[in-house]
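**Student:** from the sequence below, what's the structure:
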Amino acid sequence: MLIEEIMATDVITLQPTNTVRDALEVMRDKKIRHLPIITEDRTVVGIITDRDLKEVVPSILSDHKAIDIYDIEISTIMTKNPIIGHPMDFVEESAVIFYRNKIGSLPIVSNNKLVGIITETDLLYKYIELTGAHQPGSQLEIRVPDTPGILFEVSKVFHEQKTNVLSVLVYPDKQNISSKILVIRIKTMNPINIIEGLKAGGFEVLWPNFPGLER
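**Tutor:** Alright, predicted model coming up:
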């Protein structure tokens, strides 16, 4: 999946000459936590977050009444030359960038112009969508040999039981490098027949492990 499929395109921005007061008001009114800072030609020159503002705005309990802080230009506190993405980048690769750099948002740029933004919340929701976790169903965890065609063999059980598969994730097996763990979400609230079919096919069902069902 590409970034352009999930990015927000109606990006709220400010310019370097806007003030801390402007940023506070925009974030409060629009209920956002990240503001790309752009020039008049939409070139991204920085980004500011609610955390940045919290670090410079004095607490109401503070003895330091630095009222003038609200009139400071945000160019003085913004993160300059922020990490950016491109609309044709893959969502999975962008998630790695979020994780490695511990950032909360990624301005999306094409032809050196801001065209969108994605946040960690966008990525989390997309993960929920891709895994089908927002839909009623059941989740199975199955240990399978790490061999070509094994997913096809497993899928036969779902076909025989006329059960729709919502998502399939593959994880390494920490206990055995010659195996994989399949995490499969299916569109049924009662997976007992599926579990019995998988076990009859010689597959090890790790979850769910209902009492009375032999592994």
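**Student:** so after the helix or strand hosting Phe152, what's the next helix or strand?
**Tutor:** Using DSSP states H and E, the element containing Phe152 is helix 150-160. Following helix 150-160 in sequence order, the next helix or strand is strand 165-172 (DSSP H and E).
**Student:** got a list of what the residue lying closest to Glu5 once chain neighbours are set aside touches?
**Tutor:** Spatial nearest neighbour of Glu5, excluding adjacent residues (Cβ to Cβ, 6 or more residues apart in numbering): Val91 at 7.7 Å. Any C-beta I mention is one placed from the backbone N, CA and C, and that applies to glycine too. Contact partners of Val91, counting by Cβ atoms under 8 Å, 6 or more residues apart in numbering, are 1-3, 5-6, 123, 126.
**Student:** rerun at 7 Å
**Tutor:** Residues in contact with Val91 (Cβ atoms under 7 Å, 6 or more residues apart in numbering) are 1-3, 6, 126.
**Student:** now tabulate those in CSV and tack on neighbour count and distance to His86.
**Tutor:** Shown next, in CSV, are those (neighbours: other Cβ atoms under 10 Å; distance: Cβ to Cβ, whole Å):
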residue, neighbour count, distance to His86
Met1, 12, 14
Leu2, 13, 9
Ile3, 22, 7
Ile6, 17, 13
Lys126, 17, 17
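**Student:** those residues: which two are farthest apart?
**Tutor:** Leu2 and Lys126 (11.4 Å; Cβ to Cβ).
**Student:** mind listing what's buried in the one helix or strand Asp29 maps to?
**Tutor:** Under the criterion of DSSP H and E, Asp29 resides in helix 20-30. Buried residues in helix 20-30, counted by 16 or more other Cβ atoms under 10 Å: 20, 22-24, 26-27.
**Student:** which of those lies closest to Leu182?
**Tutor:** Of all these, Leu182 sits closest to Met27, with 42.5 Å by Cβ to Cβ.
**Student:** measure that closest one to Thr119 for me?
**Tutor:** Noted for Met27: a distance of 13 Å to Thr119, by Cβ to Cβ, to the nearest Å.
**Student:** ok, the nearest residue to Pro107 once chain neighbours are set aside - how many residues close by?
**Tutor:** Spatial nearest neighbour of Pro107, excluding adjacent residues (Cβ to Cβ, 6+ apart): Pro36 at 4.6 Å. Neighbour count for Pro36, taken as other Cβ atoms under 10 Å: 25.
**Student:** check His86 too.
**Tutor:** 16.
**Student:** how far away from the center of its chain is the helix or strand bottoming out on mean pLDDT in the chain?
**Tutor:** Lowest on mean pLDDT, DSSP states H and E among the helices and strands of the chain sits helix 120-131, with a mean of 88. Computed by Cα atoms, centre = their mean, to the nearest Å, the chain-centroid distance of helix 120-131 equals 5 Å.
**Student:** so after that helix, what's the next helix or strand?
**Tutor:** Reading on from helix 120-131 to the C-terminus, the next helix or strand found by DSSP H and E is strand 138-145.
**Student:** helices and strands around that following strand, which ones?
**Tutor:** helix 150-160, strand 179-186, strand 204-207 (3 or more Cβ pairs under 7 Å, 6 or more residues apart in numbering; DSSP states H and E).
**Student:** how about that strand as CSV, C-alpha atoms only?
**Tutor:** What follows is strand 138-145, C-alpha atoms only, in CSV (Å, rounded to 0.1, in the frame of the first residue of the first chain):
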residue,chain,number,x,y,z
SER,A,138,-11.8,-14.8,15.5
GLN,A,139,-8.1,-15.0,15.5
LEU,A,140,-6.1,-18.1,15.0
GLU,A,141,-2.3,-18.7,15.6
ILE,A,142,-0.9,-21.7,13.7
ARG,A,143,2.6,-23.1,13.7
VAL,A,144,3.5,-24.4,10.2
PRO,A,145,6.7,-25.6,8.5
